[in-house]
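Engineer: Curious how this folds, go ahead:
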Amino acid sequence: MNFFIEVVKSIIFLTFPMFVYFYFDSLNIKSNLALFQKISIIASVLLYTAFIDNIYLIIFINIPLFISYIKNYKGTYILISFIIFLYLLFKINLSVYLIILEYVIIFIFLNFVKNKFNIFITIVSYFYTFSLCYYNKISLINNKLILIVFLLFINYFLTLLIKNLMQYSKEEYINLESMYRSYLFKFIHEVKNPIAVCKGYLEIINCKKNKTMKDIDNYVQIIDKEINESLNIMEEYLIFGRYSVNLDYMDFNLLLEDVKNTIKTSLDDKQIDLIFNYNDEELIILGDYNKLKQVLINLIKNSIEAKKENKKLKVNINIHKKKDDIKLEIIDNGIGINDINKIGKEFYTTKISGTGLGVNFSKSIISMHNGTLKYFSSYNEGTKVIINLPLVEM
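Structural biologist: Next up, the predicted model:
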């Protein structure tokens, strides 16, 4: 039982830097993350060397060394090597020549061999078995062989697990950074165009030759339109950044009535019919009122903007109560969507000007409400959007 407890303690000490890494990563302290990682790896080694002195468990001490190498922490690698050297020499009583030989070979192979993980495991396993069987004269007869093989397997899978988790976190951060860079590039590109148009017309206005008040009024209207376009783009990016919800009990019918009033007050096109078909029953959900309102307004506006030229647009908003949830349908006879599979992906849009972030935002918010949002559409035949949200009992 004591040996089992020591194994568990060893695993806790070795996984310590990993949990510290993920904790500080969740706090988004990117500037000091590497420093915290180095300190936690060193702390892990110090804890291990202070509390573990079983010769059968010395194989685990090399895992922090390997992690510091793959993270390219050179100073940490050297410091850990020195700590391990003192630990094996004075606490485990291994031969100084054997220790030096092992870590020189590890260092050389890690720097010149491509498959670093396999070569590291092979070298460590060889010297571990050699130290036990020959230098410390531990016999492989009886159950000692099974124990050694068992510990070798634990070392292999534990090293692989920690390596992959650390690498996964690094790759995820790189992917996230790449995504934000693409958002920034797209944002600058989208906003730059209307600003450039505004600048051009302002230069035309400043050049007073052959300008009438009618011409200037037309130019001002164009500038106003382009400024509004820039503001709309900025608003889409701001909305995209608000990926959080505050859930509370709410009546979905009241929300729908609010959405109806908001949209109809700004709708002056007589070629557009908005038809709201309510459900008379009380529909209580756990939801974020403002976020859901923004989602519904976005989706209905998308239907309105899909109006075919010179053709009357009908948008039906239907709500149905099912057993455990509500089903909201937004159906239009607009131009439809050519490639339905791309809907919801960042920067894909069917509009002439737009970022494509609105649908992505809507899907994320609905998902945070434990609901679903699905699109059904054919080009030139209209679009149907279906939202399902769970009901709650009061």
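Engineer: close enough to count as contact, residue 319 and residue 285?
Structural biologist: No - using CB atoms under 8 Å as the test, residue 319 is too far from residue 285 to be in contact (11.6 Å). Using the backbone N, CA and C atoms, a C-beta is placed for each residue, glycine as well.
Engineer: who's more crowded, these two?
Structural biologist: Set side by side, residue 319 and residue 285 show more neighbours around residue 285, with 21 against 18, by other CB atoms under 10 Å.
Engineer: who are the neighbours in contact with the more buried one?
Structural biologist: 249, 250, 252, 326, 369, 389, 390, 391, 392 (CB atoms under 8 Å, 6 or more residues apart in numbering).
Engineer: how many neighbours does residue 146 have?
Structural biologist: 10.
Engineer: circling back: specify which member of the contacts of residue 285 is nearest to residue 226.
Structural biologist: residue 369 (35.8 Å; CB to CB).
Engineer: Phi and psi next, for the closest one.
Structural biologist: phi -100, psi 10 (degrees, to the nearest 10).
Engineer: so how far is residue 362 from it?
Structural biologist: Distance from residue 369 to residue 362, counting by CB to CB, to the nearest Å: 11 Å.
Engineer: Have a look at those two and say which one is more surrounded.
Structural biologist: Ranked by neighbour count (other CB under 10 Å), residue 369 and residue 362 place residue 362 first, with 24 against 21.
Engineer: Among the contacts of residue 285, which one has the most neighbours?
Structural biologist: residue 252 (23 neighbours).
Engineer: Contacts only, for residue 258.
Structural biologist: Counted by CB under 8 Å, 6+ apart, residue 258 has contacts residue 293.
Engineer: Span of stretch 276-290 from start to end?
Structural biologist: 19 Å (CA to CA, to the nearest Å).
Engineer: one step back: joint contacts of residue 319 and residue 285?
Structural biologist: 252, 326.
Engineer: so where's the stretch 251-394 of the chain shaky on pLDDT?
Structural biologist: Within the stretch 251-394 of the chain, the ranges that satisfy pLDDT under 70 run 266, 268-270, 338-358, 394.
Engineer: all strands for it, in order.
Structural biologist: Under the criterion DSSP state E, counting those that start in this stretch, strands of the stretch 251-394 of the chain are mapped to 272-277, 284-287, 313-321, 325-332, 372-377, 383-390.
Engineer: how about JSON lines for those strands, with distance to residue 216 added?
Structural biologist: JSON lines is the format used below for these (distance: least, CB to CB, whole Å):
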{"stretch": "strand 272-277", "distance to residue 216": "32"}
{"stretch": "strand 284-287", "distance to residue 216": "48"}
{"stretch": "strand 313-321", "distance to residue 216": "34"}
{"stretch": "strand 325-332", "distance to residue 216": "38"}
{"stretch": "strand 372-377", "distance to residue 216": "43"}
{"stretch": "strand 383-390", "distance to residue 216": "41"}
